[in-house]
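Student: Predicted model and sequence follow; I will ask about them next.
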Amino acid sequence: MTDTRVQYHLNNHLPDLMKLIGNADFPWLDIDKMVLTKINERIKASGGQTIMVEANLYDMIVSAKKGNNQAIGLLDFLNSVFKELNLNINSVEKKLVISILKKILTSLSKDYLNFVGEIATLNNFKKKKIFTLEDTEVKLTNGKSIDFLFSRQDNNQTQLVEVYNIHLNPDKVEENPDKIKKFLNERLANKNKDKLKDLTEEISFSLVTILWGSHKALKVYNDFFQKESLDIENAVEPLCYIMQTDNKGFFLHSFGTIQSTFRTIKANA
């Protein structure tokens, strides 16, 4: 069977994503049709002149083909995550990951980054070499779900992990520590409340927050966490992603806690 256009472009720009998917049953024809429909909708909405960009994964590929350095760098980061994850998970875990990869490829808005955040977080857990992925989208009795269920090899216990993506609005980033703490505590408390509402059993889960934003916006949060911490018991210091380039044109990617990411940036400076 001939590859679809989507497969062709992914093989060129995200080859390790394709290796991770492998021979899994994947709705390539449906995805190809979905992308084409979206493109036609944009053309129609713009009167056939200008295609509106919503910054989904396929927009990043188009931008990279046009030489956009930010898009090239982001695709390089994504491919490196897929490459590492492919090395870090076994065949059983790989089958569990397929559902998240489908969401990345079928989310035709910037929300695809939410699922990228899940994959990058999963990769960070797997790199520790003590976590085995047991399940994804674990159903709760209230109809909600938790992103990941891990078993830990160091203590033979299980751990539920929920990934929470927050996209920072650059025009609304506060530098006041009290306002930052209030913003994060409220957002995370509401996330917990939503997950636990009407639950008939007691559960505990770790809440891993990812902040997406500009270097300037994330620097504000780095400064905050150097002096402050969150009041939410099940939440750890948020993660973030920042890209750098060296003087030879190579990309340097950092994905981890806010403070560790900025320490990496400082070390690479």
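Tutor: All right, it came through fine.

Student: Show me the residue at the heart of this structure, geometrically.
Tutor: With distances taken as Cα atoms, centre = their mean, the chain has residue 117 as the residue nearest its mean C-alpha position (1.3 Å).

Student: In the stretch 101-250 of the chain, mark out all the strands, start to finish.
Tutor: With strands called from DSSP state E, counting those that start in this stretch, the stretch 101-250 of the chain shows them at 131-139, 145-152, 158-167, 205-212, 239-245.

Student: Can you name the residues bridging to residue 145?
Tutor: Beta-bridge partners recorded for residue 145 (DSSP bridges): residue 139.

Student: quick one: it and residue 201, what's the gap?
Tutor: Plainly put, residue 145 is 14 Å away from residue 201 if you go by Cβ to Cβ, to the nearest Å. C-beta coordinates here come from the backbone N, C-alpha and C atoms, glycine included.

Student: Poorly predicted segments of the protein, please.
Tutor: Within the chain, the segments meeting pLDDT under 70 span 1, 46-54.

Student: before we move on, back to that, neighbour count for residue 145 and residue 201, which is higher?
Tutor: Using other Cβ atoms under 10 Å, the more surrounded residue of residue 145 and residue 201 is residue 145, with 13 against 7.

Student: looking at it, residue 149 is touching residue 132, isn't it?
Tutor: No: using Cβ atoms under 8 Å, residue 149 and residue 132 do not qualify as a contacting pair, with a distance of 9.7 Å.

Student: ok so, going back, let me have the strands of the stretch 101-250 of the chain in JSON lines, extended by distance to residue 192.
Tutor: Supplementary listing: those in JSON lines, determined by distance: least, Cβ to Cβ, whole Å:
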{"stretch": "strand 131-139", "distance to residue 192": "16"}
{"stretch": "strand 145-152", "distance to residue 192": "11"}
{"stretch": "strand 158-167", "distance to residue 192": "9"}
{"stretch": "strand 205-212", "distance to residue 192": "7"}
{"stretch": "strand 239-245", "distance to residue 192": "18"}
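
Student: among these, which is nearest residue 71?
Tutor: When the strands of the stretch 101-250 of the chain are compared for distance to residue 71 using Cβ to Cβ, the nearest one is strand 239-245, at 10.8 Å.

Student: Sheet-wise, list the partners of that closest one with their directions.
Tutor: Listed by DSSP bridges, the sheet partners of strand 239-245 and their directions read strand 205-212 (parallel), strand 251-257 (antiparallel).

Student: before we move on, the earlier item: distance of the residue nearest to the centre of the chain relative to residue 25?
Tutor: Residue 117 sits 25 Å away from residue 25, going by Cβ to Cβ.

Student: Residue 202 too?
Tutor: The span separating residue 202 from residue 25 equals 37 Å under the rule Cβ to Cβ.

Student: so residue 257 bridges to which residues?
Tutor: Beta-bridge partners recorded for residue 257 (DSSP bridges): residue 239.

Student: What residues does it make contact with?
Tutor: Residues touching residue 257, when contacts are defined by Cβ atoms under 8 Å, 6 or more residues apart in numbering, comprise 225, 236-240.

Student: so of the strands paired with strand 239-245, which one's packed in deepest?
Tutor: Of all the strands paired with strand 239-245, strand 205-212 carries the top mean neighbour count, a mean of 20, counting by mean count of other Cβ atoms under 10 Å.

Student: Give me the angle between that strand and strand 145-152.
Tutor: Per axes from the mean of the first three to the mean of the last three Cα atoms, to 10 degrees, the angle that strand 205-212 makes with strand 145-152 is 110 degrees.

Student: Other residues contacting strand 205-212?
Tutor: Counting contacts by Cβ under 8 Å, 6+ apart, the residues outside strand 205-212 that touch it are 113, 117, 120-121, 146, 159-168, 184, 188, 191-192, 195, 218, 221, 232, 234-236, 238-241, 258.

Student: Just the buried ones among the residues you listed, please.
Tutor: With neighbours counted using 16 or more other Cβ atoms under 10 Å, those contain these buried positions: 113, 117, 120-121, 146, 159-166, 168, 184, 188, 191-192, 195, 218, 221, 232, 234-235, 238-241, 258.
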